[in-house]
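got a sequence here, can you model it:
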Amino acid sequence: MPDEPLLSIDNLRKTYDGAHYALDGVSLSVGRGSFVSIIGSSGAGKSTLLRCVNRLVEPTSGSVVFEGRDVCGLGRADLRRVRMRIGMVFQNYNLVGRQTALANVLQGRLGDKGAFSGAFGLFTAEEKRAGLEALDQVGLADFAYARADELSGGQKQRVGIARALVQKPVLILADEPVASLDPHSSRTVLELLKRASTDMGVSCLVSLHQVEYAVEFSDRIVGLAHGSVCCTGAPSAFDEQTVAGIYDSYYGEESAADGSAVSHAMAQPRCCEG
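Numbers count the residues shown, from 1 in each chain. This is a model prediction of the structure:
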């Protein structure tokens, strides 16, 4: 059906120790070509959620339906095909420093290679052209043959985006892609992801610590707290009090200059479905 979401997560749970849940009944959907941000404090479950989508982490229960198929029930061969449709951008880049930018980008094609070709990095001329085009899309065509460990943090992350784009994905998962970057590089990276969404129709599910970027770039924001969705809606719904509730902040007057006590009330996240 044309209105069916690209990705639908229902009642997803993940426990690593059998006693505590990193994800506790998460449900959300991502439409085709949309940019959805996940915000929440460290330990809220953002990275676990993204990795459950492509089963880099195995969910404990629940469903992850991608393009009409429950990823959780797929065998190895089908899962490999699904992962070719889902690009991944990592916080720590996941590049091979001694290899060139182009060689790192071409790693995105390994899912389509046989065991022999993949092991020896045997790529066709067409695949290499696609890798160069992906680097050009992120503004790094002139750095195609530079070693990855010679690049700046922002350039490394752009290589990571090019690696995802060369897969021709319909969904990109980006796990705190700007956490280690300066403001200028952060904006460049998010603009590239947004362009993939708006110009190429690639859905983006992005975890962020910087709420201001989530508000600026997203079509929809999901607030995650203690492994559960506590708020979801349009960026305009995420006012200061709602955001403070997600991050377990407090509202109220600051302590008086004479040290007298003042009351503080926990800011509860409001339902902002929309």
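
K14 is in contact with H20, isn't it?
No - look at K14 against H20 with Cβ atoms under 8 Å: they stay out of range, at 10.1 Å. For every residue, glycine as well, the C-beta is placed using N, CA and C.

and those two? which has more neighbours close in?
Ranked by neighbour count (other Cβ atoms under 10 Å), K14 and H20 place K14 first, with 21 against 9.

beta partners for the more buried one?
Beta-bridge pairing of K14, defined through DSSP bridges, involves L23.

quick one: residues contacting it.
Contact criterion Cβ atoms under 8 Å, 6 or more residues apart in numbering gives 21-23, 45, 48, 52, 57-60, 227 as the residues in contact with K14.

one more pass at 7 Å, please.
The neighbours of K14, taking Cβ atoms under 7 Å, 6 or more residues apart in numbering as the test, are 21-23, 48, 52, 57, 59-60.

can you redo these as a markdown table with distance to D199, secondary structure and neighbour count?
Rendered in a markdown table, the data for those read as follows (distance: Cβ to Cβ, whole Å; DSSP: H, G, I helix; E, B strand; the rest coil; neighbours: other Cβ atoms under 10 Å):
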| residue | distance to D199 | secondary structure | neighbour count |
| --- | --- | --- | --- |
| Y21 | 38 | strand | 20 |
| A22 | 34 | strand | 22 |
| L23 | 32 | strand | 27 |
| T48 | 30 | helix | 22 |
| C52 | 28 | helix | 25 |
| V57 | 31 | coil | 17 |
| P59 | 32 | coil | 22 |
| T60 | 37 | coil | 17 |
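
break this protein into its domains for me.
By the record's domain assignment, the chain is partitioned as 1-85+170-274, 96-168 (automatic domain parsing).

make TSV out of those and add mean pLDDT.
Rendered in TSV, the data for those read as follows (pLDDT from 0 to 100):
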stretch	mean pLDDT
domain 1-85+170-274	87
domain 96-168	90
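
in terms of helices and strands, where is R51?
Applying DSSP states H and E as the criterion places R51 in helix 46-53.

packing partners for that helix?
With contacts defined as 3 or more Cβ pairs under 7 Å, 6 or more residues apart in numbering; DSSP states H and E, the packing partners of helix 46-53 are strand 7-15, strand 21-30, strand 171-175, strand 203-208.

for the helix or strand following that helix, list every residue counted as buried.
Moving toward the C-terminus from helix 46-53, the first helix or strand encountered (DSSP H and E) is strand 61-66. Burial within strand 61-66, assessed by neighbour count using 16 or more other Cβ atoms under 10 Å, is assigned to 62, 64-66.

just checking: what are the partner strands of strand 61-66?
Strand 61-66 has its sheet partners listed here by DSSP bridges as strand 7-15 (antiparallel), strand 69-70 (antiparallel).

and among these, the most buried is which?
Neighbour counts averaged per stretch over those are highest for strand 7-15, at a mean of 19; criterion: mean count of other Cβ atoms under 10 Å.

ok, now which ones touch I221?
Shown here is I221, whose contacts under the criterion Cβ under 7 Å, 6+ apart are 37, 39, 214, 232-233, 235, 238.

wait, a helix at it?
No - the assignment for I221 (DSSP: H, G, I helix; E, B strand; the rest coil) gives strand, which keeps it out of a helix.
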